[in-house]
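Participant: just the structure for this:
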Amino acid sequence: MAGDRRDPRDRHPREASRRPRESSAQRRTEREDRLGRLDQPQRRRPRMTLPNPDSEAFGRLSERIARFLGTGRFLVWMTVLILLWVLWNIAAPHSWRFDEYPFIFLTLVLSLQASYAAPLILLAQNRQDDRDKVNMEQDRARGERNVADTEYLTREVAALRQALGEVATRDFLRSELQALLKELDQRPYAEPVEERAGRL
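Facilitator: Numbers count the residues shown, from 1 in each chain. Sure thing, here's the model as predicted:
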């Protein structure tokens, strides 16, 4: 009770015996929470987490690098750098040389550059493939819409032609009226058409 401020030693023995059980139950649930539940699979936490860069920014950077690696300017600068490297290590004084004839350090640098360039180019190609796939799906959907629109318009034009075939034109009505007037004029007991028209 909130208003009961007795000394813990003066509590009833039943309450005192209940207190340690609650704390052991709390300790048990804390330990279960810490170890995980037995009815659910545990996730293994990696001991070392790798950096997780922004994939979009990294993809844009890889595309820029791959575009630069595929240009003639890169090939020219790479050739000039290799020629300068080789000439320096052949013609420079012996104490100034940093990579002797087998050019092991140059081989290492070129291998390192190739080992980074290949995954960057593959990443850029994968992003381009994803974009091409999305564009192809959009083109397919657009083509299906165009086919459906074309079929609809074809049906509408056919219906209009059929409806127009049943509509009487002005020339048709004129020819029919003239035929009727001739037929009426040829009857012997009929009044002349001009008199009848004057009476009306």
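
Participant: any idea of the mean pLDDT for the longest helix seen in the chain?
Facilitator: Longest helix in the chain by number of residues (criterion: DSSP state H): helix 104-166. Averaged over helix 104-166, pLDDT sits at 91.

Participant: for that helix, packing partners?
Facilitator: Applying 3 or more C-beta pairs under 8 Å, 6 or more residues apart in numbering; DSSP states H and E, we find helix 104-166 packed against helix 55-69, helix 72-91. Backbone N, C-alpha and C define where each C-beta goes, glycine included.

Participant: angle of it against helix 55-69?
Facilitator: 110 degrees (axes from the mean of the first three to the mean of the last three C-alpha atoms, to 10 degrees).

Participant: still on that earlier bit, which stretch in the helices and strands packed on helix 104-166 is the model least sure about?
Facilitator: helix 55-69 (a mean of 87).

Participant: can you say which of the helices and strands packed on helix 104-166 is packed in most?
Facilitator: Using mean count of other C-beta atoms under 10 Å, the stretch among these with the largest mean neighbour count is helix 55-69, at a mean of 14.

Participant: what is that helix packed up against?
Facilitator: helix 104-166.

Participant: after the helix it packs on, next one along is what?
Facilitator: On the C-terminal side of helix 104-166, the nearest following helix or strand under DSSP states H and E is helix 170-186.

Participant: distance of the residue most central in space within the chain relative to Arg140?
Facilitator: Centroid-nearest residue in the chain: Val134, 5.6 Å away (criterion: C-alpha atoms, centre = their mean). As for Val134, its distance to Arg140 is 11 Å (criterion: C-beta to C-beta, to the nearest Å).

Participant: can you check Glu100 too?
Facilitator: 60 Å.

Participant: do Trp88 as well
Facilitator: Using C-beta to C-beta, Trp88 is found at 57 Å from Arg140.

Participant: not counting sequence-adjacent ones, nearest residue to Ile121?
Facilitator: Ala66 (4.7 Å; C-beta to C-beta, 6 or more residues apart in numbering).

Participant: actually, Phe105.
Facilitator: Asp99 (4.1 Å).

Participant: which SS state does the one you found fall under?
Facilitator: Here Asp99 is recorded as coil under DSSP: H, G, I helix; E, B strand; the rest coil.

Participant: tell me who's in contact with it.
Facilitator: Trp85, Asn89, Phe105, Leu106 (C-beta atoms under 8 Å, 6 or more residues apart in numbering).

Participant: can I assume the third one is in contact with Phe98?
Facilitator: Yes - here Phe105 reaches Phe98: they are 6.9 Å apart, a contact under C-beta atoms under 8 Å.

Participant: for those two, indicate the residue with more neighbours.
Facilitator: Shown here are Phe105 and Phe98; by other C-beta atoms under 10 Å, Phe105 has more neighbours (13 against 10).

Participant: circling back to that earlier point, the residue nearest to the centre of the chain and Ala141: what is the separation?
Facilitator: Here Val134 is placed at a distance of 11 Å from Ala141 (C-beta to C-beta).

Participant: no more questions from me, cheers.
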